[in-house]
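Q: could you look at this predicted model? Sequence included:
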Amino acid sequence: MKIGEVHEPNRKVVGRTMWHYDAVESTNETAKESLETEGEEGLVIWADRQAAGRGRQGRAWASPPGGLYASVVLRPKQAHAWILGLLVGMPVVKALRHYGVFAGLKYPNDAVYQDRKIAGILSEGVYRRDLYHVIVGIGVNTNVDLEQFPPELRGTVTTLKREVRLFVANDEFLDYLLNQIDDLYSRYQNTRIEFLLKDYRGQCTTIGKRVTARTGKTTVTGKAYDIALNGALVIMDDAGAKHEFVEGNFEILK
Ligand code: BTN
């Protein structure tokens with residue numbers, strides 16, 4: 001059920017209007033439904049709970065109460081869902097650091113602190129009436145205890161509440177995060193993509209590490225050493241051959 005609507009006219013595009021729900025299936029799905037009636041670019045759907053939160057690669061996203069679940073509707077000129085999802089990792093990490101968790105960006109867009117995942121992003125491109133939209137869904141483990149996650153996740157995730165003693169309300173965190181995404185989006189519209197990808201590369205802690213990348217039937221192990229212009233992770237295998245991966249599972253090796 002929709003429980004509120006917030007307006008922030010000082011923002012340029014992202015988060016000028018926000019619809020707040022107590023619970024939805026998935027904020028990405030509610031954002032897609034909004035395209036039938038609402039035309040505003042930058043609309044944010046925020047929910048306190050999700051019954052069927054979705055992650056990358058068809059996985060579920062555990063969404064206990066206390067976490068932050070939001071999706072932003074964007075309408076970029078180019079069909080850039082993948083790259084936008086990648087770049088939005090930067091504001092997410094910035095917001096986490098602002099509130100005291102010195103997270104890093106694990107390729108493509110997981111926010112990770114001390115090898116535990118604290119936030120994730122699912123970006124999806126959708127056409128409505130010939131217009132291309134990108135829905136960027138962001139999940140942050142804010143005010144959640146580890147015990148609220150399924151047992152199999154407790155060893156691999158962390159939360160803001162666990163890492164920082166100070167209580168940070170979700171509306172405060174989201175307000176800061178949306179300001180950062182709004183800034184990023186205006187840079188995205190006005191700057192060459194290679195400059196933003198350079199910034200991303202500088203923040204991506206996967207670069208320089210030994211990784212195994214798995215997509216479909218392909219598995220490559222080697223050193224992650226660059227981000228290509230299409231946003232792909234470039235890996236050099238032990239024989240010196242280069243491989244580019246845009247989707248898949250990336251395991252950081254010790
Ligand atoms: C991932 O790391 O696998 C991506 C997780 C993305 C989760 C967020 S929560 C808000 C939005 N709604 C969803 O169903 N998924 C995204």
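A: Nice, I can see it.
Q: how about the CA coordinates for the helix or strand Lys223 falls within, as PDB?
A: Here Lys223 sits within strand 218-227, counting by DSSP states H and E. The C-alpha trace of strand 218-227 is given here as PDB (Å, rounded to 0.1, in the frame of the first residue of the first chain):
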ATOM      1  CA  THR A 218      32.600 -20.100 -19.800                       C
ATOM      2  CA  THR A 219      35.000 -19.900 -16.800                       C
ATOM      3  CA  VAL A 220      38.100 -17.800 -16.800                       C
ATOM      4  CA  THR A 221      40.600 -17.300 -14.100                       C
ATOM      5  CA  GLY A 222      43.200 -14.400 -14.200                       C
ATOM      6  CA  LYS A 223      43.900 -10.900 -13.100                       C
ATOM      7  CA  ALA A 224      41.100  -8.300 -13.400                       C
ATOM      8  CA  TYR A 225      42.900  -5.300 -14.800                       C
ATOM      9  CA  ASP A 226      40.600  -2.900 -16.600                       C
ATOM     10  CA  ILE A 227      37.000  -1.700 -17.400                       C
END
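Q: mind giving me the packing neighbours of whichever helix or strand comes after that strand?
A: Counting by DSSP H and E, the next helix or strand C-terminal to strand 218-227 is strand 233-237. Packed against strand 233-237 by the contact rule (3 or more Cβ pairs under 8 Å, 6 or more residues apart in numbering; DSSP states H and E) you find strand 210-215, strand 218-227, strand 242-245. Backbone N, C-alpha and C define where each C-beta goes, glycine included.
Q: mind listing what's buried in the first one?
A: When burial is assessed from 16 or more other Cβ atoms under 10 Å, strand 210-215 yields the following buried residues: Val211, Ala213.
Q: report how many residues lie close to the residue of the chain found nearest the ligand.
A: Nearest residue of the chain to the ligand: Gly120, at 2.2 Å (Cβ to the nearest ligand atom). The number of residues packed near Gly120 is 24, by other Cβ atoms under 10 Å.
Q: please name the bridge partners of it.
A: Gly139 (DSSP bridges).
Q: what is the neighbour count of Tyr127?
A: Counted with other Cβ under 10 Å, residues neighbouring Tyr127 total 10.
Q: then Ser34?
A: Residues near Ser34, counting by other Cβ under 10 Å: 20.
Q: got the contact list for it?
A: Residues in contact with Ser34 (Cβ atoms under 8 Å, 6 or more residues apart in numbering) are Trp19, Leu43, Ile45, Val73.
Q: try 7 Å
A: Counting by Cβ atoms under 7 Å, 6 or more residues apart in numbering, Ser34 makes contact with Leu43, Ile45, Val73.
Q: can you list these in CSV and add secondary structure and pLDDT?
A: CSV is the format used below for the contacts of Ser34 (DSSP: H, G, I helix; E, B strand; the rest coil; pLDDT from 0 to 100):
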residue, secondary structure, pLDDT
Leu43, coil, 97
Ile45, strand, 98
Val73, strand, 97
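Q: let's see if you can find the most crowded of the residues you listed.
A: Looking at the contacts of Ser34 with neighbours defined as other Cβ under 10 Å, the largest count falls to Ile45 at 27 neighbours.
Q: could you give the bridge partners of it?
A: In this entry, Ile45 is beta-bridged to Trp19, Ser71, by DSSP bridges.
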